[in-house]
Each structure stands twice: as C-alpha cells, then as structure tokens.
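K.L.:
I'll drop the sequence and a predicted model, then ask my questions.
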Amino acid sequence: MGALRTLQVALPEAANDVAQGLGGRPKSLPPRLFYDAIGSRLFERITRLPEYYLTRTESGILDTCAAEVLQRAESPAANLSLVELGAGTAAKTSTLIRALLRRQLQVEFYPIDVCESALQVARQSLMAISPRVKFHPLVADYTQGLGAAAHLPGRKLVLYLGSSIGNFEPEDAAALLRRLRCCLQGGDSLLLGVDLAKSPALLAPAYNDRAGVTARFNKNVLARINRELGGHFDLRAFRHVAEWNHTRSRMEMYLESRWPQAVAIDLLDMRVAFAAGERIHTENSYKYTPLMARSLFQDSGFELEQTWTDQRGWFALYLAKPAREPSSFVSSADRDDHRSGLANQRQANRQLTILGGNAS
C-alpha cells in the first residue's frame, strides 16, 4: 500500500489578510480587499455620485493642466511613457493620453491594478481613442508591482491619482514613495493626486452617500469573504460607518456589528466573534494639508516641481521628480527591499497575470 500524499489546497490571495485582520484587536481589513470585480464596479458608481467630489474635481484639474503636466515631464530626446498605479478603468488617464498623442506619435501605457475586469474596461476605452495607444496591463497589487517600472526604457511619468495615497498611514505612504523613487531615473516624474483637508460637512457625505452605494461597497468586503473563503457573514448584521477624525486629518470607514454574533469562515477554519457595536476598520482616507504634502515628498526623496489645484482648493495634483541626492532619503531597509525585488523580479513576474501583452 502506497504512502498517503497530502493534497495542498491553494487559498485565495485574500486569505492571509482576512485571517490576520479579523484575528487581530481591533479587527481590521485592508482596503485592497474592496477591489474584486464587484467592488470595482461599485467604486465606479461612487465616482459618479453627486456627493463624491474627488473624481470630478481631479478630472477638472487634469482637463485644465494636462498639457502643462506633459510639458514639464517630457524630454525632447525621447517619448514619454505612462505608468499608472491602481489604474482601475483609467477613465481620468484618457485626458493625459489624448494630450500626449498630440505631442508624440505613440503612447506606451502601463496600467497596474489588482482587478483584471477593470483593466479590461480600460483596454476597451483606450483602444477606442487611437491605435497609437499601446496597452501593457499588469494585474497586481501595485505596492508589489513597483519593480516593473524599473525595467521600462525611456522617460516615464508615473501616475498615482485619485488620492489613493491617503489610504496609507503617513509613514507607510512615505515608504511606498521611497520604493517608487528607487525604481525611477533622474528624468522620470511622478504625478500624485491628493485630496486636501476641508470641512467635515463636505467630507462626510462623500463617504456615506444617500443612495447607499458606499455602504454596499464597504459591505462587499464581507460578501467577498463569503464568496471566496466560505464565510457566513449576514450583511444585514453590519452597519456602514464613516467618521471624520480631526486629530489625524482622515476619514475612517468601519463595519459595525449590530448585535452579538459569531461568524464562521470555512476555508480558514475560523470562527470570528463580535460584540454588539464592535467594528471592523476597513479604510482610512487621509486629507492632506500643503505642509503634509511637502513633508511627504521631502521624506521620500522627491523634489516638488509644480502644484495644480481647483479654484476651491479641494484637491491638488503634485508633479515631483526624483531628488538628485536620494541616498539621504532612502533607508537601508528600502534599499535592501529594492535590491531584493530586482533580483527576484523574474520569479515575481510568474505570479502576475499579463493581459494580452501589447494590444494595439
């Protein structure tokens, strides 16, 4: 009789995040879990809500300043390539691509996003603009896919729009930009979208709309655990909560248990107990002051080149370039992470899904 073999079952990528987050105190789940196919569609709906000023405001700034952004970022000696972190459907990026097509014969676009279906939508919309757009999508968590930017030839403009940087704790945001700095050359640029601090009367409705779309978006993280990990969450048993934290200059989102309950997650062999009123912290969204933004660039090895804002001062686009002397800004741990990332890039790429290569 032969020896028994153990069958290794590969758990979904979300498993570790869920096990750690719901097993911790206080309970939390990382925002990246929002963005499966359903969550990405819900977020696209959020961006069109009347309360959600961020997307409209940032798009308005891009409509006004796209040509100036490209003029400051490009080089007469080489075409400019675009790399977008957390691209989603790349709806706002089309403004920059159209403007860039008026300045060069071809645009190489490298969107990085965790949601494959969102990148498929981006492909369809951008391919309709012009066959001169070359689409090179990468399905990955962009915090893990930064090393890909280091291998791209020519001058690059990295787009990090939508104030996604606000989802990170300030020290983690600086660490992320330091890692990005290690992947860029002297002539490359970063265009960072940042939501600015403002009245809670404007902020609160943007994260708790009357139609309840943001509530469904928040609760979808529980539905995703049900779908992918055999969870038994009753979405009606949790309440969407959005609060302004003045001390930390951030909006906070939670899922609050309406009553005492215990929820099984089959694939994790886990049972999670909740007290009435106990919360799962699902998102922070930091709102930056100009001083916070300048400190972020200084701490991460970038030099601020130009700032554009809307007339009301609600949102800002910052163009920054790698500092000439990055060594004083980059910690030894960040340099080690960068070297390790480059050395293992071939292995990491096997875990990333490339959608269709060079589409034209």
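P.N.:
Ah, there it is.
K.L.:
buried ones in stretch 256-269?
P.N.:
Neighbour-count burial for stretch 256-269 flags 257, 261, 263, 265, 267, 268 (criterion: 16 or more other Cβ atoms under 10 Å). To be clear about C-beta, it is placed using only N, CA and C from the backbone, and glycine gets the same treatment.
K.L.:
among those residues, which are in helices?
P.N.:
Of these, none are assigned to helices by DSSP state H.
K.L.:
closest to residue 182 among the residues you listed?
P.N.:
Of all the buried residues of stretch 256-269, residue 268 has the smallest distance to residue 182: 34.8 Å, by Cβ to Cβ.
K.L.:
Count the neighbours of the spatially closest residue to that closest one that is not a sequence neighbour for me.
P.N.:
Take residue 268 and drop its neighbours on the chain: the residue closest to it by Cβ to Cβ, 6 or more residues apart in numbering is residue 19, 5.4 Å away. Around residue 19 there are 18 other residues, counting by other Cβ atoms under 10 Å.
K.L.:
ditto for the one 4 residues further on
P.N.:
The number of residues packed around residue 23, counting by other Cβ under 10 Å, is 11.
K.L.:
which residues does the nearest residue to it once chain neighbours are set aside bridge with?
P.N.:
Excluding its sequence neighbours, the residue lying closest to residue 23 (Cβ to Cβ, 6+ apart) is residue 270, at 7.3 Å. Under the criterion DSSP bridges, residue 270 forms beta bridges with residue 265.
K.L.:
pLDDT at residue 270, what is it?
P.N.:
Looking at residue 270, its pLDDT reads 97.
K.L.:
for residue 9, same thing?
P.N.:
Each residue has a pLDDT score; the one for residue 9 is 44.
K.L.:
Please flag which of the buried residues of stretch 256-269 sit within strands.
P.N.:
Of the positions in the buried residues of stretch 256-269, 257, 261, 263, 265 sit in strands, assigned by DSSP state E.
K.L.:
what's the closest non-adjacent residue to the first one?
P.N.:
Spatial nearest neighbour of residue 257, chain neighbours left out: residue 274 (3.9 Å); criterion: Cβ to Cβ, 6+ apart.
K.L.:
and that neighbour, what does it touch?
P.N.:
When contacts are counted by Cβ atoms under 8 Å, 6 or more residues apart in numbering, residue 274 touches 257, 260, 261, 262, 263.
K.L.:
Which of these sits closest to residue 323?
P.N.:
Residue 323 lies nearest to residue 257 out of the contacts of residue 274, by Cβ to Cβ, at 46.5 Å.
K.L.:
Correct me if wrong: that closest one contacts residue 277.
P.N.:
Yes. Counting by Cβ atoms under 8 Å, residue 257 touches residue 277, with 6.6 Å between them.
K.L.:
coming back round to it: export the contacts of residue 274 to CSV and tack on pLDDT and distance to residue 131?
P.N.:
Converted to CSV, the contacts of residue 274 look like this (pLDDT from 0 to 100; distance: Cβ to Cβ, whole Å):
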residue, pLDDT, distance to residue 131
257, 98, 52
260, 98, 59
261, 98, 55
262, 98, 56
263, 98, 50
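K.L.:
if you count residues, which helix in the chain comes out on top?
P.N.:
helix 53-73.
K.L.:
who's in contact with that one?
P.N.:
With contact meaning Cβ under 8 Å, 6+ apart, helix 53-73 is reached by 47-48, 80, 91-92, 95-96, 98-100, 103, 155, 157, 161-163, 189, 191, 193, 195, 202, 206, 305-306, 308-310, 312, 314-317, 319.
K.L.:
which other helices and strands contact the helix or strand following that helix?
P.N.:
Sequence order places strand 80-85 as the next helix or strand after helix 53-73, per DSSP states H and E. Applying 3 or more Cβ pairs under 8 Å, 6 or more residues apart in numbering; DSSP states H and E, we find strand 80-85 packed against helix 93-101, strand 107-113, strand 155-160.
K.L.:
Partner strands of the last one and their direction?
P.N.:
Looking back up the chat, that one is strand 155-160. strand 80-85 (parallel), strand 189-195 (parallel).
K.L.:
Buried residues in it, which are they?
P.N.:
155, 156, 157, 158, 159, 160.
K.L.:
do the first one as well
P.N.:
If you call a residue buried by 16+ other Cβ under 10 Å, then helix 93-101 has these buried ones: 93, 94, 95, 96, 97, 99, 100.
K.L.:
a markdown table for those, including distance to residue 246 and pLDDT?
P.N.:
Listed next are the buried residues of helix 93-101 as a markdown table, based on distance: Cβ to Cβ, whole Å; pLDDT from 0 to 100:
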| residue | distance to residue 246 | pLDDT |
| --- | --- | --- |
| 93 | 33 | 94 |
| 94 | 36 | 94 |
| 95 | 34 | 95 |
| 96 | 34 | 95 |
| 97 | 39 | 95 |
| 99 | 38 | 94 |
| 100 | 40 | 94 |
